[in-house]
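J.: dropping a prediction and its sequence here:
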Amino acid sequence: MSRIGKKPIAIPAGVEVKVNGSEVSVKGPKGSLTQSFRPEISIAMEGNEILVSRPSDQKEHRALHGLTRTLIANMIEGVTEGFKKELEVNGVGYRVAKQGKDLVMNLGFSHQVVVSEVPGITIDVPNPNAIVISGPDKQQVGQFAAEVREKRPPEPYKGKGIKYASERIRRKEGKAGKGAKK
């Protein structure tokens, strides 16, 4: 048995879960999420818990068992606490600001880079060098953060660009100076 897949998922107070065959809907204080899963994996509600089980020990079913349980657990966590990704902007003259629902970034280009907020995602700019992206859907938050980071990924020589707050940039040494070769 899958160690992750066989664990029951506790439903916290204030969260409403509906299981309709292979479709799960979760509604909570931060929003509501709906996702369809593979019909082979059975999802059942027993009291205040959700149990996920698989029909056989085939490799595909074993893989889907843990995945399905984790996705449902992430949906419940998302509508209660939500997910967030923090980004840092490093570089001389690099800064970000929020104008209405748009994120306006000065990243060393001849123009400003503008990224609009998508439904379900909230952009917050606590200071000109930080971006906080939050929302109830873990996959959507991660994807949007990756798209923002893609506008100017960090470079290895000076470390300029947009990086995740927890990310470490592997630095490279520059070219050897003048007079090194005689």
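T.: Received, thanks.

J.: low pLDDT regions in this structure?
T.: The model of the chain has pLDDT under 70 over residues 1-2, 177-182.

J.: quick one, phi psi at residue 7?
T.: Dihedral pair for residue 7: phi -70, psi 130, per degrees, to the nearest 10.

J.: what about it, how many neighbours?
T.: 15 (other CB atoms under 10 Å). Placement of C-beta: from N, CA and C, glycine included.

J.: please tell me how far it sits from residue 99.
T.: 45 Å (CB to CB, to the nearest Å).

J.: now do residue 110
T.: In terms of CB to CB, residue 110 sits 19 Å off from residue 99.

J.: what do you get for residue 118?
T.: Going from residue 118 to residue 99 by CB to CB gives 16 Å.

J.: who's more crowded, those two?
T.: residue 118 (14 against 10).

J.: just confirm that one is within a strand.
T.: No. Using DSSP: H, G, I helix; E, B strand; the rest coil, the assignment for residue 118 is coil, not a strand.

J.: correct me, but it touches residue 144?
T.: Yes. With contact defined as CB atoms under 8 Å, residue 118 counts as touching residue 144 (6.4 Å).

J.: need the longest strand for the chain.
T.: strand 83-90 (DSSP state E).
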